[in-house]
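Undergrad: sequence first, predicted coordinates after that:
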Amino acid sequence: MSLDDTTRTVEVDCPAAYINEGGALLVQHEEEAIIWVWAYPDLYPWPHDIAWLYAPVTGKRRWPGDLWGIDETGDLLIIECKRRKSGTDPFVDFLPYHAPNREELTAAHWQKKWAHHHQKELSFPNGVVVRPSGKTAGLLPRSSKRAAIRRWPRLVQRVDAQIRSDDYTDKVHTYLQRRADIGNPCPHYVGLLVTSDPDASALTPGWTSSAHELQKRVRDGRVHVVWSHAHTKSSGRLVLTMQVVPASEWK
């Protein structure tokens, strides 16, 4: 794992779903990048420790984003992940959503919601076992009956070990209490763009316009853009990379 302020990488075994690909991976679903950062929290370029809380499956009006987390200072992070393509806009759903004093942004709300979904997640032996029809509650990404995260079985094993540990539970409780103590401040909104071409520009007019507008509505420094990709080494192993796009490039 390499760590600095703007770029982080981790090397992993290539899953069977991508074993015949060379060079940059053409990631099939954005939820795959969500399981990358859940398996390796330090892969996400952030200055504080993060406990990931929940991956919404639907409901962009109340639950925008693909991953919610809480950091050690009590700040809430909401990540919308998109595969980079023409017209992709990871911020557009945040614009109608953001409003002061939303109940969903409070520590009290998350203490109850997280406990419910955590219990449901742990009621099954692991994160990829097929759930009965209608049993969708849980923490991990679960679009298409969790098909996307099944492409990364070893990473899901890492996540399973994390979320079943006492350390994870203690962190969630501690970090949410800190959020309550500091008055439930405005969350951080993150656009996570996944690309198969690490040399392409992350910037497109559509999402930069939305990011500008969102920045006007929230505290300065609460809107972020992160660029992500995976490529195969000559050894056959994968390097997962996440890189901050400096605000000076899109503001």
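TA: All right, it came through fine.

Undergrad: and the contacts of the host helix or strand of residue 248?
TA: If you go by DSSP states H and E, residue 248 is part of helix 247-250. Under the contact criterion C-beta atoms under 8 Å, 6 or more residues apart in numbering, helix 247-250 has outside partners 203, 208, 211-212, 221, 223-225. Every C-beta, even on glycine, is put in place using the N, C-alpha and C of the backbone.

Undergrad: give the buried residues for it.
TA: Neighbour-count burial for helix 247-250, with 16 or more other C-beta atoms under 10 Å as criterion, is recorded at residue 250.

Undergrad: contacting residues for residue 39?
TA: Residue 39 touches 152, 155-156, 158-159, 162, counting by C-beta under 8 Å, 6+ apart.

Undergrad: what is the nearest of these to residue 63?
TA: Closest approach between those and residue 63, by C-beta to C-beta: residue 159, at 19.7 Å.

Undergrad: quick one: contacts of the host helix or strand of that closest one?
TA: In this assignment (DSSP H and E), residue 159 forms part of helix 153-163. Contacts to helix 153-163, defined as C-beta under 8 Å, 6+ apart, come from residues 12-13, 15, 35-36, 38-40, 118, 121-122, 126-128, 139-140, 149-150, 168.

Undergrad: and for stretch 117-135?
TA: Stretch 117-135 is contacted from outside by 54, 137-140, 142, 145-146, 149-150, 153, 156-157, 159-160, 163-164, 169, 172, using C-beta under 8 Å, 6+ apart.

Undergrad: buried ones among those residues?
TA: Going by neighbour count (16+ other C-beta under 10 Å), these have 54, 138-140, 142, 146, 149-150, 156, 159-160, 163, 172 buried.

Undergrad: same list (the residues you listed) but as JSON lines, adding distance to residue 234 and pLDDT.
TA: Supplementary listing: those in JSON lines, determined by distance: C-beta to C-beta, whole Å; pLDDT from 0 to 100:
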{"residue": "54", "distance to residue 234": "38", "pLDDT": "95"}
{"residue": "138", "distance to residue 234": "38", "pLDDT": "87"}
{"residue": "139", "distance to residue 234": "36", "pLDDT": "91"}
{"residue": "140", "distance to residue 234": "32", "pLDDT": "89"}
{"residue": "142", "distance to residue 234": "35", "pLDDT": "77"}
{"residue": "146", "distance to residue 234": "32", "pLDDT": "84"}
{"residue": "149", "distance to residue 234": "27", "pLDDT": "87"}
{"residue": "150", "distance to residue 234": "27", "pLDDT": "88"}
{"residue": "156", "distance to residue 234": "26", "pLDDT": "93"}
{"residue": "159", "distance to residue 234": "28", "pLDDT": "95"}
{"residue": "160", "distance to residue 234": "31", "pLDDT": "94"}
{"residue": "163", "distance to residue 234": "34", "pLDDT": "96"}
{"residue": "172", "distance to residue 234": "40", "pLDDT": "98"}
